[in-house]
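A.B. asks: next one to model:
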Amino acid sequence: MSKKKNTTKTNTKNLQKVVEQQPEKNNTLIFGGILLAMSSIGLLIFVLSDKVFHLS
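C.D. replies: Purely as a prediction, here's the structure:
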């Protein structure tokens, strides 16, 4: 039984190390992607409205 207790302790330690090693998300990449998506949607709406309503 003592062997099983030791393996569970080492497993939890290994799991904690794996969780700590995960890289953090890059906020600038997320912000840049959202900004690119918003500008693309805005340009698409402008072009479609220009084609439909013939703005000039």
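A.B. asks: for Ile30, grab the count of nearby residues.
C.D. replies: Neighbour count for Ile30, taken as other CB atoms under 10 Å: 10. All C-beta spots, glycine's among them, are computed from the backbone N, C-alpha and C.
A.B. asks: that one is in what secondary structure piece?
C.D. replies: helix 27-53 (DSSP states H and E).
A.B. asks: list the buried residues for that helix?
C.D. replies: Within helix 27-53, no residue is scored as buried using 16 or more other CB atoms under 10 Å.
A.B. asks: for Lys25, pull up the helix or strand it's in.
C.D. replies: Secondary structure (DSSP H and E) places Lys25 outside all helices and strands.
A.B. asks: contacting residues for it?
C.D. replies: For Lys25, the contact set (CB atoms under 8 Å, 6 or more residues apart in numbering) is empty.
A.B. asks: and it, how far from Ile34?
C.D. replies: Applying CB to CB, to the nearest Å, the value for Lys25 to Ile34 is 13 Å.
A.B. asks: mind checking the pLDDT average for stretch 43-53?
C.D. replies: On average, the pLDDT along stretch 43-53 is 90.
A.B. asks: pull the CA atoms of it into CSV?
C.D. replies: The C-alpha coordinates for stretch 43-53 follow below in CSV (Å, rounded to 0.1, in the frame of the first residue of the first chain):
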residue,chain,number,x,y,z
LEU,A,43,-14.8,46.9,-45.3
LEU,A,44,-17.1,44.1,-46.5
ILE,A,45,-20.2,46.0,-45.3
PHE,A,46,-19.0,49.2,-46.9
VAL,A,47,-18.3,47.5,-50.3
LEU,A,48,-21.7,45.6,-50.2
SER,A,49,-23.6,48.8,-49.3
ASP,A,50,-21.8,50.7,-52.0
LYS,A,51,-22.9,48.0,-54.6
VAL,A,52,-26.5,47.9,-53.3
PHE,A,53,-27.2,51.6,-52.7
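A.B. asks: perfect, I'm done here.
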